[in-house]
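Student: Pasting the sequence and the predicted coordinates here, then a few questions.
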Amino acid sequence: MKIALGSDHAAWQIKDKIKSLLQHKGWDAIDYGTKSGDSCDYPDFAASVSHAVAQGEADLGILLCGSGIGMSIAANKVKGIRAALCVNEEMAKLSRLHNNANILCLGVRTFPDNWEKIVETWLNTSFEGGRHQNRIDKIHNLESCSPHTKP
C-alpha cells in the first residue's frame, strides 16, 4: 500500500516519524515534504498529497500541520478527497469505517502522545460499506454542485 505524506514546518518531524513507522510496517511512504522547520504554506503540501490520492498515485494520505484544520480544509477542496481531522483513535476508526476517509489529518499541537495509535487505527480500519456507501455517494454529488444550486 502506498501512503502519501505531507506536512508544514510545524509538523515535519512527526511526519518523518510516521514515515519511519510506515516503512517499518512494510508500507510504501511517499514523502511530499516539507523537510525542514523553515516556514512554508500548508496548502501546497495538502495539494500535492490530495492530488496523489485522487489520481491513484497513492492509496491513502496523511497530512500534518499545527492544528490539522488548515490541512483538512485544503485537502477537502480536491475532488474525490475525504480528509478527516482525527484527534483520537475512535475518530480515526469511524472516519474509515463510516466515511471511507482517504486522507488522515493530524494537528501536532492538538493531539496527545498517541499519534502512533491514531495512525495505526486509521490504516488498519476498512470501509464498512452498506448504508454508508449511499452517504459517500451523496458527498460525491456535492462536488459537482455550484454554490447556487442544491444537490
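Tutor: Now that the structure is in, tell me what you want to look at.
Student: contacting residues for residue 101?
Tutor: Contacts for residue 101 were tallied using C-beta atoms under 8 Å, 6 or more residues apart in numbering; they are 82-84, 95, 122. Heads up, the C-betas are built off the backbone N, CA and C, glycines and all.
Student: Buried subset of those residues, written for PyMOL?
Tutor: Buried residues within the contacts of residue 101, by 16 or more other C-beta atoms under 10 Å, are selected in PyMOL with:
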select buried, resi 82+83+84+95+122
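Student: so of the contacts of residue 101, which ones are in helices?
Tutor: Counting by DSSP state H, the part of the contacts of residue 101 found in helices is 95, 122.
Student: Would you map the strands across the chain?
Tutor: For the chain, applying DSSP state E gives strands covering 2-7, 28-31, 60-65, 83-85, 103-107.
Student: Please produce JSON lines containing those, extended by mean pLDDT and distance to residue 17.
Tutor: Below are the strands of the chain laid out as JSON lines (pLDDT from 0 to 100; distance: least, C-beta to C-beta, whole Å):
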{"stretch": "strand 2-7", "mean pLDDT": "98", "distance to residue 17": "11"}
{"stretch": "strand 28-31", "mean pLDDT": "98", "distance to residue 17": "11"}
{"stretch": "strand 60-65", "mean pLDDT": "98", "distance to residue 17": "10"}
{"stretch": "strand 83-85", "mean pLDDT": "98", "distance to residue 17": "19"}
{"stretch": "strand 103-107", "mean pLDDT": "97", "distance to residue 17": "11"}
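Student: rewinding a little: return the member of the contacts of residue 101 nearest to residue 1.
Tutor: Nearest to residue 1 among the contacts of residue 101: residue 122, at 12.3 Å, using C-beta to C-beta.
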